[in-house]
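Undergrad: Just the structure for this:
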Amino acid sequence: MIQQETISSIYDAVRIEEVVGDFVQLKRRGISLIGLCPFHNENTPSFHVSVTKGIYKCFGCGKGGDSVSFIMEHEKSSYPEALKYLAQKYQIAVEETIPNPADLIQNDNRESLLILNKWAKELFAHTLQQNEEGRNIGLSYFNERGFRQDTLVKFELGYAPENRHYLTKAALKEGFKDEFLQHSGLSIKPDTGDLYDRFRGRVMFPIQNLAGKIIGFGGRILKKDEKTAKYLNSPESEVYHKSDTLYGIFQAKKAIREQDVCFLAEGYTDVISLSQSGIENVVASSGTSLTVNQVKLISRFTQNITILYDGDPAGIKASLRGIDMILEEGMNVRVVLFPEGHDPDSYIRSVGSKAFSAYTKEQQKDFIFFKTQVLLGDAGNDPIKRASVIHDILESISKVPDSIAASIYTRQCSNLLEMEESILLAELNKIKLRKAKARPDGSGGNFRSDSPYGSGQQNSALIQTDEGYDSSMHLQFYPDTPTEPIFPDDIQEREVLRMLFNFGNSAYDTAHKTASAYIFMQTEDIEFRHPVHKQLYASLKFQLDQTGKINPDFFTHHEDAGFRKIAVDLLSNPYLLSDNWAVMHGIFVKTEDTLLNVAIENAINHLKMRKVMTMIADNQQKMKNEPKTEVIMELQSIHNILNNIKTSLSKALGVVVLK
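TA: A predicted model of the protein is given here:
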């Protein structure tokens, strides 16, 4: 368990824009920051970060929360693990006993694999520096490549000895279970025989995710053996998915964001050599074909990719598909081709970082010029092959979602191929029409069916006071709350809660001092019907009585997912007023906080109106079913009173109620 004082220190230190900014490229829009949501695929930003409220909210997929819940959702980690991640980021000491590896079975598989991978990384690194075989073979290899000691530490490089039981025996001795050794791919167990190491006689490249956690390994063999693969990677696991991973992304993400361009190389050593030379905005696909998810990973930090190709013609042609994939995601792509016999690693070691940077700036080509140059070189003067090249290039242009950019590419293509632009445009339109017809009906959107109040589990929560948590107020969220309102009063109840969350502590009048005091006074006789709204209303009232104020942070920071979700939803606003109205146009638009009294009165009156309308409908039903005349007269009297209240509320709201 992490002490409450430590948790408070973590929440005091974290900055939502810094936490989310490690994983998403954020740009300022009005008072919020926006970016592409990391939780679902999108090309137009719908992911908002509120610095003042300390929350994030995606208005596309509905995900939202604070810094802790972001780490939990993004890294699939538990609440304590997310707290420890943030504590490490902000250098806050967490007093917690280290779990015994023998007890890892108590953790879920994902966390167990991450702990095991971290331990293996430390073993490989120790072996590289302290083991005789590691120094003589592994360290000598890295020294020959020119890698400095600080580089070895930065990328946490290591060495796996020839001994086939080196890691396995050490892991079992530490208490790690053989099932996790097999799931992680660090050990292999044949149908007959003992468990043994997957990586042997190899220099080791730990593979990290965006948060810096070790999710897998790549190993390069140093002896010449035609029967053995030069590179060997960890197999797919619960934490390592090759198609979602880019080598070096953890070290490169900050530089990519700052320089607004990502260099995409092929191998581990390309990334390490460039990074050591000061070119840190570089990642690698680790020898695998580029995937959509890898492209989307880069798009969180920049819309610009520069692919670094070595001089291998066969490899270049095979990788052209990756360019189309980048274009389809709406990103800008340029290409740098190194002299024959060179890759990024060898070239920067040959000419140095200054000359390397100059070369990439001078030699980078846009994808149309590059693809045309490569494909026409093979086509020669053969008209059939040239026609095929033209169709291939137009297929690439058709994937560009921006119509203006596609038009520019088409004109450029016309000049390079010496063909009339109108012919190319006609063919391009045919391609787009064919693709449009091929799309299945109803594929235009995805609809969410998740509950707005949590994951469908029964959750309980305690109310926080200045003295800590008070168990006298026990709240429980109901499971399987449907997306559609189940009570007619949902919208009005929710609006009153929104006022409490956003403006509850604002000054109101001399009699009530705060807006929350006035709201509770006006609504104390009104029963909230939605179970979640009812519980949250009671929780806020208890909080005000105990502390004298409303504390939204208690709900956005709460361990319970149901509390966090509804709090973030109530605090979030998808509509932002641009500063340009006042700054550039001199137009001052009154906002909700400047018209606070009116907004609160409207919210309360709409809620009262909804309740009165419900009471009128119930009373009318009773009148229909009541046989006794004297009771009907009483009900009629009640009906008249309710109608008078409805009329009064209608005047206050400035509306005409027909029903």
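Undergrad: Which strands and helices lie in contact with the one helix or strand Ile298 maps to?
TA: Assessed by DSSP states H and E, Ile298 sits inside helix 292-299. In terms of contacts (3 or more Cβ pairs under 8 Å, 6 or more residues apart in numbering; DSSP states H and E), helix 292-299 is packed against helix 320-328. C-beta coordinates here come from the backbone N, C-alpha and C atoms, glycine included.
Undergrad: quick one: average pLDDT of the helix it packs on?
TA: For helix 320-328, mean pLDDT rounds to 81.
Undergrad: returning to that earlier point: could you pull out the buried residues of the helix holding Ile298?
TA: Gln294, Val295, Lys296, Leu297, Ile298, Ser299 (16 or more other Cβ atoms under 10 Å).
Undergrad: can you check stretch 393-403 too?
TA: For stretch 393-403, by 16+ other Cβ under 10 Å, it's Ile393, Leu394, Ser396, Ile397, Ser398, Lys399, Val400.
Undergrad: Columns distance to Phe124 and secondary structure on top of those, output as TSV?
TA: Putting those into TSV (distance: Cβ to Cβ, whole Å; DSSP: H, G, I helix; E, B strand; the rest coil) gives the following:
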residue	distance to Phe124	secondary structure
Ile393	46	helix
Leu394	49	helix
Ser396	42	helix
Ile397	46	helix
Ser398	46	helix
Lys399	41	coil
Val400	44	coil
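Undergrad: is it possible to export those residues to TSV including pLDDT?
TA: Shown next, in TSV, are the buried residues of stretch 393-403 (pLDDT from 0 to 100):
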residue	pLDDT
Ile393	86
Leu394	88
Ser396	86
Ile397	86
Ser398	87
Lys399	84
Val400	83
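Undergrad: Report how many residues lie close to Ile566.
TA: 25 (other Cβ atoms under 10 Å).
Undergrad: on that earlier part again, now the helix holding Ile298 - C-alpha only, CSV.
TA: What follows is helix 292-299, C-alpha atoms only, in CSV (Å, rounded to 0.1, in the frame of the first residue of the first chain):
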residue,chain,number,x,y,z
VAL,A,292,-0.5,1.3,-39.5
ASN,A,293,-0.2,1.2,-35.7
GLN,A,294,3.4,2.2,-35.9
VAL,A,295,2.5,5.1,-38.1
LYS,A,296,-0.2,6.2,-35.7
LEU,A,297,2.3,6.0,-32.9
ILE,A,298,4.5,8.5,-34.6
SER,A,299,1.5,10.7,-35.5
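Undergrad: any idea of the mean pLDDT for the longest helix seen in the chain?
TA: In the chain, taking DSSP state H as the definition, the longest helix is helix 596-625. Averaging pLDDT along helix 596-625 yields 84.
Undergrad: go on, stretch 185-192?
TA: Here the average pLDDT along stretch 185-192 is 90.
Undergrad: Stretch 370-388 too?
TA: pLDDT averaged over stretch 370-388 gives 79.
Undergrad: now do the same end-to-end measure for that stretch.
TA: End-to-end span of stretch 370-388 (Cα to Cα, to the nearest Å): 16 Å.
Undergrad: Buried residues of it, list them for me.
TA: So, applying 16+ other Cβ under 10 Å, buried residues of stretch 370-388: Phe370, Lys371, Thr372, Val374, Leu375, Leu376, Ala379, Arg386.
Undergrad: Stretch 274-292 too?
TA: 274-277, 279-286, 290-291.
Undergrad: Out of those, which sit inside strands?
TA: Val282, Val283, Ala284 (DSSP state E).
Undergrad: Looking at these, spot the one nearest Lys27.
TA: Taking Cβ to Cβ as the measure, Lys27 sits nearest to Val283 out of these, at 21.4 Å.
Undergrad: ok now stretch 158-174, how far from the chain's centre?
TA: 35 Å (Cα atoms, centre = their mean, to the nearest Å).
Undergrad: do the same with stretch 623-633
TA: On Cα atoms, centre = their mean, the centre of stretch 623-633 falls 61 Å from that of its chain.
Undergrad: Could you give the separation between the terminal residues of it?
TA: First-to-last distance for stretch 623-633 - Cα to Cα - comes to 9 Å.
Undergrad: what do you get for stretch 229-243?
TA: End-to-end for stretch 229-243, by Cα to Cα: 20 Å.
Undergrad: How about stretch 61-81?
TA: 24 Å.
Undergrad: Now do the buried residues in it.
TA: Per 16+ other Cβ under 10 Å, stretch 61-81 contains these buried residues: 61-75, 77, 79-81.
Undergrad: Filter those down to the ones in strands?
TA: Checking the buried residues of stretch 61-81 against DSSP E, those in strands are Gly64, Gly65.
Undergrad: Now, the buried residues of stretch 61-81 that are in helices?
TA: Going by DSSP H, the helices hold Ser67, Val68, Ser69, Phe70, Ile71, Met72, Glu73, His74, Glu75, Tyr79, Pro80, Glu81 from the buried residues of stretch 61-81.
Undergrad: Among the residues you listed, which one sits closest to Asn643?
TA: Of these, the one sitting nearest to Asn643 (Cβ to Cβ) turns out to be Ser69, at 47.0 Å.
Undergrad: how close does the closest one get to Met419?
TA: 55 Å (Cβ to Cβ, to the nearest Å).
Undergrad: picking that back up, lowest pLDDT pick from the buried residues of stretch 274-292?
TA: Ser286 (70).
Undergrad: and the gap between that residue and Tyr56?
TA: Ser286 is 30 Å from Tyr56, by Cβ to Cβ.
Undergrad: Then Cys37?
TA: In terms of Cβ to Cβ, Cys37 sits 9 Å off from Tyr56.
Undergrad: overlap in contacts of those two?
TA: Phe47, Lys63 (Cβ atoms under 8 Å, 6 or more residues apart in numbering).
Undergrad: what helix or strand is Arg334 on?
TA: Under the assignment here (DSSP H and E), Arg334 is part of strand 332-337.
Undergrad: which other helices and strands contact the following helix or strand past that strand?
TA: The first helix or strand that comes after strand 332-337 along the chain, using DSSP H and E, is helix 344-351. Here helix 344-351 touches helix 268-276, helix 353-363, going by 3+ Cβ pairs under 8 Å, 6+ apart.
Undergrad: neighbours around the residue lying closest to Asn505 once chain neighbours are set aside, how many?
TA: Spatial nearest neighbour of Asn505, chain neighbours left out: Lys549 (5.1 Å); criterion: Cβ to Cβ, 6 or more residues apart in numbering. Look at Lys549: counted by other Cβ under 10 Å, it has 12 neighbours.
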